[in-house]
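Trainee: structure of the sequence below:
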Amino acid sequence: MSDSVPTPPPAVVLFDGVCNLCNGLVQFIIRYDRAGRFRFAALQSAAGQALLAAHGLPPSPPATTPIR
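Mentor: Residues are numbered from 1 along each chain as shown. Prediction:
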């Protein structure tokens, strides 16, 4: 029997790929995720759509709120 603790699989962060704020947040997480715990998929991508479907979520991206 091994004494090592199993490493959990990476978490997937789904984000709005056309949102500049969202893209900035993704870049921030990548910069500070030294352990590589996160993976990313835009909601508009095939991978993002597949993950939404796999979890029973609607395929359309969420509405964004413009800020002036």
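
Trainee: now Ala41: which helix or strand?
Mentor: Assessed by DSSP states H and E, Ala41 sits inside strand 38-42.

Trainee: identify the residues contacting Leu52.
Mentor: Residues in contact with Leu52 (C-beta atoms under 8 Å, 6 or more residues apart in numbering) are 14, 43, 58-59. For every residue, glycine as well, the C-beta is placed using N, CA and C.

Trainee: SS state for it?
Mentor: Following DSSP: H, G, I helix; E, B strand; the rest coil, we place Leu52 in the helix state.

Trainee: cool, Arg34 as well?
Mentor: Arg34 is classified as coil under three-state DSSP.

Trainee: give me the low-pLDDT residue ranges for the chain?
Mentor: Low-confidence segments of the chain (pLDDT under 70): 1-2, 61-68.

Trainee: now do the strands in it.
Mentor: 11-15, 38-42 (DSSP state E).
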